[in-house]
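Colleague: Quick one, structure for this:
(4 chains)
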There are 2 protein chains.
Amino acid sequence: MSEATYFILAALLDGPLHGYGIIKRAGEQSDGRVRPAVGTLYGALDRMAAGGLIAVDREEVVDGRPRRYFRVTDDGVAAVTKEAARMAAAASLVRLRPVHP
Amino acid sequence: MSEATYFILAALLDGPLHGYGIIKRAGEQSDGRVRPAVGTLYGALDRMAAGGLIAVDREEVVDGRPRRYFRVTDDGVAAVTKEAARMAAAASLVRLRPVHP
DNA sequence: AACATATATATCGAGTGTCGAAGTATGCGA
DNA sequence: TCGCATACTTCGACACTCGATATATATGTT
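Modeller: Residues are numbered from 1 along each chain as shown, chains lettered A, B, ... in the order given. As a prediction, the model looks like this:
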């Protein structure tokens, strides 16, 4: 799983969001460090929808602008949880590394 | 920093290694989950050497086969440490997420 | 003896993912 | 009125990863 995919799924864990909302949420959740580009977002969204990790929740029109809300599926929750464990393990590799004097 | 880059740097933290040794070490350190392909390895090695994260430690010939040992530089240690912190934070995003009943 | 596997490096093309720009459109604040 | 934030889509350029290929030796397996 790519990092963009991970942050997009993480952004959806608190409830359905539309594309632009996901970008903002990812930025908030990472203190501004991760801001997926639009091209990245919609590509990842398409792939994840095809893979069953997310689904279109609903479509609205607000102020004449369309909004597509996505929600994470059970498979998506499982995938992002597994990925978080994998990342934590990878981080420990360096962070908890034995000292070599 | 890509994941391959991260695992290659992590593999070098315990001392200089040659290319093939890095692939094996990455596999060991990740319980077989990460095995960079040769193409990935040499590409990453070139990029990191150009970026000053690693350097050629020495070159040997063992059993008629050449070996190039790489070592991580101070910049490389700093980079991989920073990346580990970033990954741990990203993992916490999902792992320590507040419960939404 | 023949074959597969492991060790070891290098390169190349194919595929995938990421980025930023461009295009389209509205509302709001300076 | 100008610029910025909001909002979606598509496109080309670029970077990264993979696996195959090439080359070569040693060891283990059938």
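Colleague: Tell me where chain A is predicted with low confidence.
Modeller: Residue ranges of chain A with pLDDT under 70: A:100-101.
Colleague: And the residue of it that's closest to DNA strand C?
Modeller: residue A:39 (1.9 Å; Cβ to the nearest atom of the strand). Just so you know, the C-beta spots here come from the backbone N, C-alpha and C atoms, and that holds for glycine as well.
Colleague: Which helix in chain A has the most residues?
Modeller: When chain A is parsed with DSSP state H, its longest helix is helix A:74-95.
Colleague: and that one, is it in reach of DNA strand D?
Modeller: No: against DNA strand D, helix A:74-95 shows no contacts by Cβ under 7 Å from any atom of the strand, the least distance being 12.9 Å.
Colleague: wait, does that helix contact DNA strand C?
Modeller: No: judged by Cβ under 7 Å from any atom of the strand, helix A:74-95 and DNA strand C are separated, with a smallest distance of 12.1 Å.
Colleague: how distant is stretch A:78-91 from the center of its chain?
Modeller: Relative to its parent chain, stretch A:78-91 has a centroid offset of 13 Å by Cα atoms, centre = their mean, to the nearest Å.
Colleague: contacting residues around that stretch?
Modeller: Outside stretch A:78-91, the residues within contact range by Cβ atoms under 8 Å, 6 or more residues apart in numbering or on different chains are A:1, A:6, A:9-10, A:13, A:53, A:72, B:3, B:6-7, B:30, B:33, B:84-85, B:87-88, B:90-95.
Colleague: buried subset of these?
Modeller: Neighbour counting with 16 or more other Cβ atoms under 10 Å in any protein chain shown marks A:6, A:9-10, A:13, A:53, A:72, B:3, B:6-7, B:30, B:84, B:87-88, B:90-91, B:93-94 as buried within the contacts of stretch A:78-91.
Colleague: Can you tell me how far residue A:85 is from residue A:51?
Modeller: 19 Å (Cβ to Cβ, to the nearest Å).
Colleague: ok, which residues in chain A are in contact with chain B?
Modeller: A:3, A:6-7, A:10, A:13-15, A:29-30, A:33-34, A:80-81, A:83-95, A:97, A:100 (Cβ under 8 Å from any Cβ of the partner chain).
Colleague: mind redoing it with 10 Å?
Modeller: Residues of chain A found near chain B (Cβ under 10 Å from any Cβ of the partner chain) are A:1-3, A:6-7, A:9-11, A:13-15, A:26, A:29-31, A:33-34, A:77, A:80-98, A:100.
Colleague: Now residue A:61: phi and psi?
Modeller: With angles defined as degrees, to the nearest 10, residue A:61 sits at phi -130, psi 120.
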